[in-house]
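J.: Have a look at this prediction, sequence included:
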Amino acid sequence: MPLLPAIPLALKVGAGILGAGVGLNEGVVKPLRKAGQRREIDELVKDSLRDQLGDPTGGFGYQTGYGPGMLLPGSGYQSILQYQNQMGNQQRENMIKNLLAIEPITDRAKTRDFGRNMAAARFRTQLGTQQGLTLQGQMGAQALAQKGMQGATQALASNYQYQ
């Protein structure tokens, strides 16, 4: 009788696959290839396609200006940054010119608006004053009429003889 316990079949199969070099022990899993497919043939196909279609980078390699040398004075990144700064300065100058050009127009519009508002305020004040004077005159006339009626009523009552 063996001293080791029985190892399940799944563990045996897994160990066999790992031992064959198909698993993770290679470091990087390689793509599966078709039978008879070789790396050299793949490279030849890629090279022939590149020759027919042209180099995707236009023959300049991958020199985009970004990367380790992007902060050097002559790099593409610095050129783009300088262009953007120049465009920003130009747009700022144009905006200032436009604002200075429309300033007299907006000042005249604000002056007219202020004049209209002041005229409306003056009109409201005049209406309120006229309304107050009219109301005061009406109340004065009413008070005068009431006093006159009281005087007339008293005069009639004092001259009336009761029988």
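T.: That came in fine, so what should we check first? Not measured: the values here are computed from a predicted model. Numbers count the residues shown, from 1 in each chain.
J.: Longest helix in this structure, please.
T.: helix 76-159 (DSSP state H).
J.: Which strands or helices does it pack on?
T.: Helices and strands touching helix 76-159, by 3 or more Cβ pairs under 8 Å, 6 or more residues apart in numbering; DSSP states H and E: there are none. Where you see a C-beta, it was placed from the backbone N, CA and C, and this is true even at glycine.
J.: tell me the mean pLDDT for stretch 83-100?
T.: Mean pLDDT, stretch 83-100: 94.
J.: CA atoms of that stretch as PDB?
T.: As requested, C-alpha coordinates have been extracted for stretch 83-100 and formatted as PDB (Å, rounded to 0.1, in the frame of the first residue of the first chain):
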ATOM      1  CA  TYR A  83       2.800  77.900 -31.700                       C
ATOM      2  CA  GLN A  84       0.000  77.600 -29.100                       C
ATOM      3  CA  ASN A  85       1.500  80.400 -27.100                       C
ATOM      4  CA  GLN A  86       1.700  82.600 -30.200                       C
ATOM      5  CA  MET A  87      -1.800  81.900 -31.100                       C
ATOM      6  CA  GLY A  88      -3.000  82.600 -27.600                       C
ATOM      7  CA  ASN A  89      -1.200  86.000 -27.600                       C
ATOM      8  CA  GLN A  90      -2.600  86.900 -31.000                       C
ATOM      9  CA  GLN A  91      -6.200  86.000 -30.000                       C
ATOM     10  CA  ARG A  92      -5.800  88.000 -26.800                       C
ATOM     11  CA  GLU A  93      -4.600  91.100 -28.800                       C
ATOM     12  CA  ASN A  94      -7.500  90.700 -31.200                       C
ATOM     13  CA  MET A  95     -10.000  90.500 -28.300                       C
ATOM     14  CA  ILE A  96      -8.500  93.700 -26.800                       C
ATOM     15  CA  LYS A  97      -8.800  95.500 -30.100                       C
ATOM     16  CA  ASN A  98     -12.400  94.400 -30.500                       C
ATOM     17  CA  LEU A  99     -13.300  95.500 -27.000                       C
ATOM     18  CA  LEU A 100     -11.700  98.900 -27.500                       C
END
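J.: Can you list the buried residues in it?
T.: Within stretch 83-100, no residue qualifies as buried by neighbour count (16 or more other Cβ atoms under 10 Å).
J.: lowest-pLDDT helix or strand in this protein?
T.: Within the chain, no helix or strand scores below helix 9-19, which has a mean of 53 by mean pLDDT, DSSP states H and E.
J.: so where's this protein uncertain?
T.: Applying pLDDT under 70 to the chain picks out residues 1-37, 49-75, 160-163.
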